[in-house]
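Enquirer: Here is a sequence together with a model predicted from it:
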Amino acid sequence: MPAPARVVIESVRPQVDGGRYPIKRVTGEEVLVEADVFADGHDQVACELLWKFEEERQWHAVPMEFRFNDHWAAAFTVEKLGRYQYKVRGWVDPFLTWRRDLAKRKDAGQDLSVDFLIGAKLVHAPILADASRSSEERYQAAMGAPVPAPAAQTVVESEVLEVVVDPLKARFSSWYEMFPRSARGDGRHATFEDVAARLPYVQEMGFDVLYFPPIHPIGTTARKGRNNAVCAQPGDVGSPWAIGAKEGGHKAVLPDLGTLEDFRHLVSEAEKRGMEVALDIAFQCSPDHPYVREHPEWFRARPDGTVQYAENPPKKYQDIYPFDFETPAWRSLWEELKSVFEFWVGQGVTIFRVDNPHTKALSFWEWCIRELKARHPELIFLSEAFTRPRVMHKLAKIGFTQSYTYFTWRNSKAELIEYFTELTQEPAREYFRPSVWPNTPDILHASLQSAGRPAFIVRVVLAATAAANYGLYGPAYELLEHVPREPGSEEYLHSEKYEIKRWELGRADSLRELIARLNRIRHENPALQRDWSLRFHDIANPQLLVFSKKEKDNIILVAVNLDFVHPQSGFVELDLSSLDIAPHETFEVHDLLSGGRYTWTGSRNYIELIPQQLPAHVFKVVRRA
């Protein structure tokens, strides 16, 4: 029986929950792997990073570099969609130990003849045992000899870890949400053809994902009326999230919008303009959904025999039946729900926003997403879960590509710094990809209800620059919709969830041009296409927030005035080391929003922002030759 291996491998990272879940990257990104590798005594330790694409048989190996204090690192690049595996292996290397000690003895002027004989047994180099050669010749041969492979019984390997590789849009995307039925803008029900006519508008604003709420037939039983009225009036169109009617369910489109062929044509037209269509998947049914009639076993019955509608007390959703994920028929339910995704993939959709995934079984999502991405690694799943942090993070761990955040409710300087530091600098960034939204059809935050245009500008600038993935609900956002249903509510008055809206897209006060400029800035500056370089800079004024992002020589500095009424000013103290700027260097900052150019020197520089003019700077740092 061979002696136990002496090497210890600890703290391999990145990893999530001890390797229970994969980390996340996009194609072309590097995975930097670090580990603590050591052994007893003074012998030399060697270690390698092994990695391979999931389907490959052979592992690729790259030597790990010693950093400090038994800490080693190496990297590999993920080049294709799917899953990669990686692990660390280490061993005590007698040849490296011998060669290290040989050099020490030579430096000390000691006799090396016995050492050369020992080395000749460790490596096939006859010159080492040849006493007719000079000591210097034998020493140079020792230094140039190839390192022999380690004996199998001496090698220790870490657990195998995984990385899921997604498309670029998983890391960097700009979403525009719109209700297809309002695409005409004149109050009449629109079709997919009308949505296609709206594509140039969305393209000009620079969005690359066009996201639709559910496009399926809408139930009539218990249909909600305008402003969420319990009883609908004649002509009320109902909520798109009350899915299912006699025309079909989750695999059908609302006839008023058109046909499946019309939808596929729309997807194709969007692709020609550099956009992808994302669909909302909401696993719930109206009372009229075919599932209710054909599969009553998938729903929970009340003692009186009726189906339990959705509730979140005191809120009631009489027009929606939730699925019962604890049903004895769960296997058939799971398979059918997975087939909904497969159906829409067949129509050309690869991006899905999933409604309220935290109210469905976590085990279902882990299984469903793993199954789908095994066949379609290009798929992207956005988790719309505004719930407890642990649940949001669990959803990200088990497969959701992106996650909604608490950004909407983080408004003060301290809140924004704390939250974005958590999102970009803490270990959860390995699996939790934030997508930040200043508004949604469900959420009109108080900050947008009374502060006017400056608030809308600041919040969209923050979303578009602090996060690589962001989205907004339009045209409500660019047209500054700000009236709540009632005081204290985050619901819109005359919410588009329950009626077809009239939109005056050409209004003079629209933020359309500003949003287009922001999206153009995002696409032209690689620093804004990633999250992890985000750093905040000190400025004494509590109403001014300053942060930066850096990607190689591309540096973006953002400053916003969080006081939407009064001008604010102060001296920012830049952390120059994070920007690779010398302490007394003079450089130019070019405001990509206003066009202004300013010369700054060193770390301390003046900022002033007037809300009624432009309450934000997005500076590009221009270095002097």
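Expert: Cool, the structure landed. Numbering: from 1, shown residues only.
Enquirer: Setting aside sequence-adjacent positions, which residue approaches Ser383 most closely?
Expert: Excluding the flanking residues, the one nearest Ser383 by Cβ to Cβ, 6 or more residues apart in numbering is Phe400, at 3.9 Å. From N, CA and C alone the C-beta is placed, and that goes for glycine too.
Enquirer: So what touches the lowest-mean-pLDDT helix or strand in the chain?
Expert: Every helix and strand of the chain was ranked by mean pLDDT, DSSP states H and E. The lowest is strand 315-317, at a mean of 81. By Cβ atoms under 8 Å, 6 or more residues apart in numbering, the residues outside strand 315-317 that reach it are Tyr309, Ala310, Glu311.
Enquirer: follow-up on the earlier one: give the contact list for the residue nearest to Ser383.
Expert: By Cβ under 8 Å, 6+ apart, the contact set of Phe400 is Val354, Pro357, Trp365, Ile369, Phe381, Leu382, Ser383.
Enquirer: rerun that using 7 Å as the cut-off
Expert: Pro357, Phe381, Ser383 (Cβ atoms under 7 Å, 6 or more residues apart in numbering).
Enquirer: Val621 - that's part of a strand, no?
Expert: Yes - using DSSP: H, G, I helix; E, B strand; the rest coil, the assignment for Val621 is a strand.
Enquirer: what about the residue nearest to it when sequence neighbours are not counted, helix or strand, and which?
Expert: In space, and not counting its chain neighbours, Val621 is closest to Ile555: 3.9 Å by Cβ to Cβ, 6+ apart. Element membership for Ile555, per DSSP states H and E: strand 554-561.
Enquirer: In terms of secondary structure, what does that strand contact?
Expert: Contacts defined by 3 or more Cβ pairs under 7 Å, 6 or more residues apart in numbering; DSSP states H and E place strand 554-561 against helix 453-466, strand 544-551, strand 604-609, strand 616-623.
Enquirer: which residues touch the last one?
Expert: Here strand 616-623 makes contact (Cβ under 7 Å, 6+ apart) with 457-458, 461, 465, 521, 525, 555-560, 579, 587-593, 609.
Enquirer: If we go by neighbour counts, what in it is buried?
Expert: For strand 616-623, burial by neighbour count (16 or more other Cβ atoms under 10 Å) applies to Ala616, His617, Val618, Phe619, Lys620, Val621.
Enquirer: re the thing from before, I'd like to know which of the contacts of strand 616-623 are buried.
Expert: Among the contacts of strand 616-623, those classed as buried by 16+ other Cβ under 10 Å are 457-458, 461, 465, 521, 525, 555-560, 579, 587, 589, 591-593, 609.
Enquirer: Of the helices and strands packed on strand 554-561, which is nearest Arg13?
Expert: Among these, strand 544-551 comes nearest to Arg13, with 22.6 Å by Cβ to Cβ.
Enquirer: which neighbours does the closest one have in its sheet, and in what orientation?
Expert: Using DSSP bridges, the strands paired with strand 544-551 are strand 535-539 (antiparallel), strand 554-561 (antiparallel).
Enquirer: how about TSV for the ones you listed, with distance to Gly90 and mean pLDDT added?
Expert: Listed next are these as TSV, based on distance: least, Cβ to Cβ, whole Å; pLDDT from 0 to 100:
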stretch	distance to Gly90	mean pLDDT
strand 535-539	34	98
strand 554-561	37	98
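Enquirer: can I get the ones you listed in TSV with distance to Glu276?
Expert: Putting the strands paired with strand 544-551 into TSV (distance: least, Cβ to Cβ, whole Å) gives the following:
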stretch	distance to Glu276
strand 535-539	31
strand 554-561	25
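Enquirer: So which bits of the lengthiest helix in the chain are buried?
Expert: Looking across the chain with DSSP state H, the single longest helix is helix 330-345. The neighbour-count check on helix 330-345 (16+ other Cβ under 10 Å) flags Trp330, Leu333, Trp334, Glu336, Leu337, Lys338, Val340, Phe341, Trp344, Val345 as buried.
Enquirer: which one among those gets closest to Leu168?
Expert: Nearest member of the buried residues of helix 330-345 to Leu168, counting by Cβ to Cβ, is Val345, at 18.8 Å.
Enquirer: Touching, that closest one and Glu378? I think so.
Expert: No - here Val345 does not reach Glu378: they are 9.2 Å apart, not a contact under Cβ atoms under 7 Å.
Enquirer: Could I get the buried residue list for the least confident helix or strand of the chain?
Expert: Using 16+ other Cβ under 10 Å as the test for burial, strand 315-317 gives Tyr317.
Enquirer: now stretch 96-108
Expert: For stretch 96-108, a neighbour-count test (16+ other Cβ under 10 Å) marks Leu96, Thr97, Trp98, Arg99, Leu102, Lys106 as buried.
Enquirer: How about the contacts made by the third one?
Expert: The reference is to Trp98. Residues in contact with Trp98 (Cβ under 7 Å, 6+ apart) are Ile118, Gly119, Leu122.
Enquirer: Kindly report the same for the fourth one.
Expert: Contacts for Arg99 were tallied using Cβ under 7 Å, 6+ apart; they are Ala142, Met143.
Enquirer: try 8 Å this time
Expert: Counting by Cβ under 8 Å, 6+ apart, Arg99 touches Gly119, Ala142, Met143, Ala145.
Enquirer: State the distance from it to Val37.
Expert: Between Arg99 and Val37 the distance is 19 Å, computed by Cβ to Cβ, to the nearest Å.
Enquirer: The last one too?
Expert: For Lys106, the distance to Val37 under the criterion Cβ to Cβ works out to 27 Å.
Enquirer: ok, now how distant is the residue nearest to Ser383 from Lys497?
Expert: Counting by Cβ to Cβ, the gap from Phe400 to Lys497 is 23 Å.
Enquirer: re the thing from before, check the contacts of strand 315-317 against Glu276 and report the nearest one.
Expert: Ala310 (29.9 Å).
Enquirer: nearest to Asp442, of the helices and strands packed on strand 554-561?
Expert: The nearest among the helices and strands packed on strand 554-561, by Cβ to Cβ, is helix 453-466 at 16.2 Å.
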